[in-house]
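Asks: Provided below for reference: sequence and predicted model.
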Amino acid sequence: MKETEQNSWFSKEIIAWYKKNKRDLPWRNQTNPYFIWLSEIILQQTQVAQGLSYYYKFITHYPTIFDLAKAKEDAVLKDWQGLGYYSRARNLHASAKYVVNELGGVFPQSFEEIKKLKGVGDYTAAAIASFAYNLPHAVVDGNVYRVLSRVFGIETPIDSTLGKKVFQELATTLLNPKLAAQHNQAIMEFGSQQCKVVHPGCQNCVLQNKCFAFTNNKIDLFPTKEKKAKITQRFFTYIIFVDEEKNTVIYKRDKNDIWQGLYEFFLIEDKHLPTFDELLNNKVVKQNFKRNTSIIKHVVLKKHILSHQHLYAQFFIVKVEKLNSKTGLVVKLSQLSNYAWPRLIDKFFDVCSLQNIC
DNA sequence: AAAACGTGGCG
DNA sequence: TCGCCAAGTTT
C-alpha cells in the first residue's frame, strides 16, 4: 500500500510536469509504430538535435515500412551517413524486410515480438510497446537512470549488471500501467529537460523536496558508473589511385570493425603514419604502383575521435596508368558522392575536392 | 559479460 | 585539448 502511494506521487508529478513542459517533436502525438520505431532507433545514443534531420529524411525517403524494405542497403546507409553507429541502419533495414516478408507487413504488437527485431533491445521494445500500443512496459534509458538515481539516491553503478536490474525494477514499480505512454515520455523528457546532466534545474524542480540528491546536496554524485572506455590509437593511410579517365577504386568495409558497410579508399594501416617513401617499400603498395609514381596531393587530417578509438589519418592521391581493382569497385570521381562514407573521409572531401585537382 | 560500436557538443 | 555524455544494442 505504501509502495503504491509512492508510485502514484512520482508518476503524477512527472506527468503533470510533462504536460506543461513537453517539446513538440514530430514523432509524438501519433501512434504509427513504424515512425515510432524509426525515431527510437535514430535516437539511440543520439540527441534530438542531431537526429531530427535524419528522421525527416527517412520518413520522406521511406514513408512506409514497405518502402524501407524495398530499398537497397547501400541507399539506407547513404541516408544514415554521418549519424554514426551504422549497425543501426543495417539492422533497421534488415528488420523492415523481416516485417514485410515474414510478418506480412504487420508491425509486431507485443513487447516480446517487438524485441525480436534486430537492433531493438529492452529500452526500445518498451518505448515502442508503450508509445504505439500503450502497453505497460517501463523504459530505462540514460535519462531514467539519472532521474531515478538522483531522486531515490541509488548509488548502484548504472553500467553494471546489477544496476540495470535495480533500475529496471524500480522503473517498473513506478510506472502507472494505465498511462504507460505518457509516463514513459514524461520521465525521459523530465530527465533531458529538467534533471539534466549538467546544470539541472533544481531551483524550480517539482521533485525538489523529495529528491535525495538535491536535499543532500549530492546532485553531481549521481548517477554512478564503474567503467571507463579504453581508447586505442590507429593510423590510417589512404591511397587514392586515379587513372586517366578520372576513375578510382573504393572498397566496402565488411570486416568486424568500425564503419561496417561504408566505403573507403585503399587503406594501409600501421603503427604510425608512414612517409610516402616508406610507403613505397610496402609490399602491398608495390603491387599497385611503380616507383616513379608521383603524388598529386598529400592531406593529413587532424585527429578523428570515435568512442573507443583515436584515428590519425593521411591521404595520398596518386595518378596511375591502370587501376588495380581486384577486390575493389571502380568508380568515377564524380560519382563518389553516391556512396556512404565515414565522417573521417567526408571530412577529407571537405578539404580536398578530388574532381578539381585530378 | 565486458567491450565495442560514431559523432557532435559542451565546459 | 580533453573527458564526458547522448531516447542502447550486440557479441
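Replies: It's in.

Asks: can you map out the helices along the stretch 101-250 of chain A?
Replies: A:111-115, A:122-133, A:142-152, A:161-174, A:180-193, A:212-215 (DSSP state H, counting those that start in this stretch).

Asks: of these, which is nearest DNA strand B?
Replies: helix A:161-174 (4.8 Å; C-beta to the nearest atom of the strand). (Glycine included, C-beta is placed from N, CA and C.)

Asks: close to DNA strand B: what parts of the stretch 201-350 of chain A are there?
Replies: A:227, A:229-230, A:232, A:257-260, A:304-309, A:342-344 (C-beta under 7 Å from any atom of the strand).

Asks: how about a cut-off of 10 Å?
Replies: Applying C-beta under 10 Å from any atom of the strand, we find that the stretch 201-350 of chain A lies next to DNA strand B at A:226-232, A:234, A:253, A:255-262, A:304-311, A:340-347.

Asks: could you flag which of the residues you listed are buried?
Replies: A:234, A:253, A:258-259, A:261-262, A:304, A:306, A:311, A:340-342, A:344-345, A:347 (16 or more other C-beta atoms under 10 Å).

Asks: quickly list the domain ranges of chain A.
Replies: A:2-221, A:232-357 (automatic domain parsing).

Asks: so can I have CSV of these showing mean pLDDT?
Replies: Formatted as CSV, the domains of chain A follow (pLDDT from 0 to 100):
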stretch, mean pLDDT
domain A:2-221, 94
domain A:232-357, 90
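
Asks: if you compare these, which one is most tucked away?
Replies: Mean neighbour count, computed with mean count of other C-beta atoms under 10 Å, is highest for domain A:2-221 among the domains of chain A, reaching a mean of 17.

Asks: quick one, phi psi at residue A:351?
Replies: Main-chain torsions, residue A:351, degrees, to the nearest 10: phi -100, psi -10.

Asks: near DNA strand C, list only the ones from the residues of the stretch 201-350 of chain A next to DNA strand B.
Replies: Okay, of these touching DNA strand C (C-beta under 10 Å from any atom of the strand), that's A:227, A:228, A:229, A:231, A:256, A:305, A:306, A:307, A:308, A:310.

Asks: any idea what the nearest residue to the fourth one once chain neighbours are set aside is bridged to?
Replies: This means residue A:231. Leaving aside its sequence neighbours, residue A:231 sits nearest to residue A:310 (C-beta to C-beta, 6 or more residues apart in numbering; 5.8 Å). Residue A:310 forms beta bridges with residue A:233, residue A:305, as assigned by DSSP bridges.

Asks: quick check: residue A:310 vs residue A:301, distance?
Replies: Relative to residue A:301, residue A:310 is positioned 12 Å away (C-beta to C-beta, to the nearest Å).

Asks: do residue A:62 as well
Replies: 33 Å.

Asks: please identify which helix or strand holds residue A:75.
Replies: If you go by DSSP states H and E, residue A:75 is part of helix A:73-80.

Asks: does that helix come close to DNA strand B?
Replies: Yes: contact of helix A:73-80 with DNA strand B (C-beta under 10 Å from any atom of the strand) involves residue A:80.

Asks: now that helix: how far from the chain's centre is it?
Replies: Relative to its parent chain, helix A:73-80 has a centroid offset of 14 Å by C-alpha atoms, centre = their mean, to the nearest Å.
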